[in-house]
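Undergrad: Only the shape, not the letters, is given here:
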């Protein structure tokens, strides 16, 4: 047995959960995350069951000089949930959820996925902004900002965070809120996993669902440019109650046929939804239109099939300067060369509540109305990896003239770790984040993320 392994066993002897090593049963399953391109081998995996386990794991990793990674839902495309040769702190078994109906709040642990949280809150007709894919973990999505179907009406997931229990790099357990450690609370809301391990998230809930209006309208690919031009105006006129996403993708029938689609979620009264969605339902000659009353929890699953667990992923994204005719034509042309039938290009519209939060109110800086371009390249055949990665990078680089220097941290891939990408993710909030990093993690223990380096204290 290696010295490091012996020392790790000694340090984590009282851990309530398992400690897995490369020879342990279940190790290979535990080290794998949603993105099948990530193939890292931690020296040890601490599968935590509670806060004390997390404290002991952080202390052990720090004292042994092991690089620490933190896994919540394991959905981050960058793969930073897994360390190569260090200590992976696995929170995926921490799944507690408590909904306080009287206060309209929920408290959830970091292993919870959005589909699981929705199931509990929607029992009471309550909701908070979750991701657009139900298998995404609440932890990473919330700490990075939290784009989702409800952001025009109630803001991002992080805008609805009331408090967080945090294990810091030195093993302390703190409560972060507007009243306690408000600087840490500010940084957690959009600053990613830089400042500690959150072991409990407390959310403000809203009276939404269980039935809202939503669905997808699908058009033939030869109408894609016209549909995106319609989308530009339709989204620009959207009320707060309506979230709109356009996508170029492939038909789900296995034919590989490219199509263009607009997905919607409307949380207003049915009569208002009918009025607001009438232009969409009356536009063009769709191949299919499945829009109507449906559970909010189902809206959160509409894109799940495009992101199967274990598939190979490479993503690129940036905010568009505007959705010009030239940009639309270029996006359509580039998608026409897409090599995988699972990949898509999505355009998310930012408006409403998410844009009315001041840039410096939280660490999440992207508050301008407009459009976010997301290229998610997803494939299952390892032999086609080079072709898919090349297409993704070429498509993104070719669209460079249409984007601005703003990028959403949760969409950054493993090759987006340079200073330019980090600055694009945090914008003018980066300097303050560095000051807070120096207070709570001066040694940069939590660096496997879109990393904010501690500010120079000299």
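TA: Okay, I see it. Bear in mind that the values here come from a model prediction, so they are computed numbers and not experimental data.
Undergrad: residue contacts, residue 71?
TA: Listed by CB atoms under 8 Å, 6 or more residues apart in numbering, the contact set of residue 71 reads 33, 81, 82, 88, 89, 90, 91, 92. Glycine gets a C-beta too; all of them are placed from N, C-alpha and C.
Undergrad: quick one: which of these is nearest residue 390?
TA: Checking the contacts of residue 71 against residue 390 by CB to CB gives residue 33 as the nearest, at 23.2 Å.
Undergrad: What about the closest residue to residue 203 other than its chain neighbours, how many residues nearby?
TA: Nearest non-adjacent residue to residue 203, counting by CB to CB, 6 or more residues apart in numbering: residue 128, 4.5 Å away. If you count neighbours by other CB atoms under 10 Å, residue 128 ends up with 30.
Undergrad: now swap in residue 364 and tell me
TA: Neighbour count for residue 364, taken as other CB under 10 Å: 29.
Undergrad: now residue 16
TA: The number of residues packed near residue 16 is 12, by other CB under 10 Å.
Undergrad: do residue 49 as well
TA: By other CB under 10 Å, 17 other residues sit near residue 49.
Undergrad: repeat for residue 264
TA: By other CB under 10 Å, neighbour count at residue 264 equals 25.
Undergrad: Assign a three-state SS to the residue nearest to the spatial centre of the chain, would you?
TA: Residue closest to the average C-alpha location in the chain (CA atoms, centre = their mean): residue 141, at 3.8 Å. Three-state call for residue 141 (DSSP: H, G, I helix; E, B strand; the rest coil): helix.
Undergrad: show me the residues around it that make contact.
TA: 73, 75, 114, 130, 131, 147, 148, 157, 410.
Undergrad: State the pair within those that is farthest apart.
TA: Largest separation among the contacts of residue 141 by CB to CB: 73 and 147, giving 15.1 Å.
Undergrad: If you count surrounding residues, which of these two has more?
TA: Ranked by neighbour count (other CB under 10 Å), residue 73 and residue 147 place residue 147 first, with 27 against 24.
Undergrad: How is this protein divided into domains?
TA: The record's domain split for the chain, according to automatic domain parsing, is 3-90, 97-208+432-440, 211-411.
Undergrad: Which one of these lies nearest to residue 456?
TA: Among those, the nearest to residue 456 by CB to CB is domain 97-208+432-440 (8.1 Å).
Undergrad: how about stretch 367-381: buried residues?
TA: For stretch 367-381, burial by neighbour count (16 or more other CB atoms under 10 Å) applies to 367, 370, 371, 372, 373, 374, 375, 376, 377, 378, 379.
Undergrad: Report the lowest-confidence entry in the contacts of residue 141.
TA: In this model, the minimum pLDDT among these belongs to residue 131 (86).
Undergrad: could you pull out the strands for the stretch 301-450 of the chain?
TA: Using DSSP state E, counting those that start in this stretch, the strands of the stretch 301-450 of the chain run over 312-319, 344-350, 370-379.
Undergrad: who wins for proximity to residue 275 among these?
TA: Residue 275 sits nearest to strand 344-350 of all the strands of the stretch 301-450 of the chain, at 18.6 Å, using CB to CB.
Undergrad: rewinding a little: ok, so of the buried residues of stretch 367-381, who is nearest residue 201?
TA: residue 367 (21.5 Å).
Undergrad: Tell me how far that closest one lies from residue 361.
TA: Distance from residue 367 to residue 361, counting by CB to CB, to the nearest Å: 8 Å.
Undergrad: Could you list the low-confidence segments of the protein?
TA: Applying pLDDT under 70 to the chain flags the ranges 1-4, 457-458.
Undergrad: returning to that earlier point: with distance to residue 323 added, can I get the buried residues of stretch 367-381 in a markdown table?
TA: Listed next are these as a markdown table, based on distance: CB to CB, whole Å:
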| residue | distance to residue 323 |
| --- | --- |
| 367 | 18 |
| 370 | 8 |
| 371 | 5 |
| 372 | 11 |
| 373 | 9 |
| 374 | 13 |
| 375 | 15 |
| 376 | 18 |
| 377 | 21 |
| 378 | 24 |
| 379 | 27 |
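Undergrad: Just give me the closest of these to residue 244.
TA: For those, the nearest to residue 244 is residue 371 (10.1 Å; CB to CB).
Undergrad: give the contact list for that closest one.
TA: So residue 371 contacts 235, 319, 320, 322, 323, 347, 348, 349, 350 (CB under 8 Å, 6+ apart).
Undergrad: please redo it, this time with the cut-off set to 10 Å
TA: If you count contacts by CB atoms under 10 Å, 6 or more residues apart in numbering, residue 371 has them with 231-232, 235-236, 246, 319-323, 327, 347-351, 402-403.
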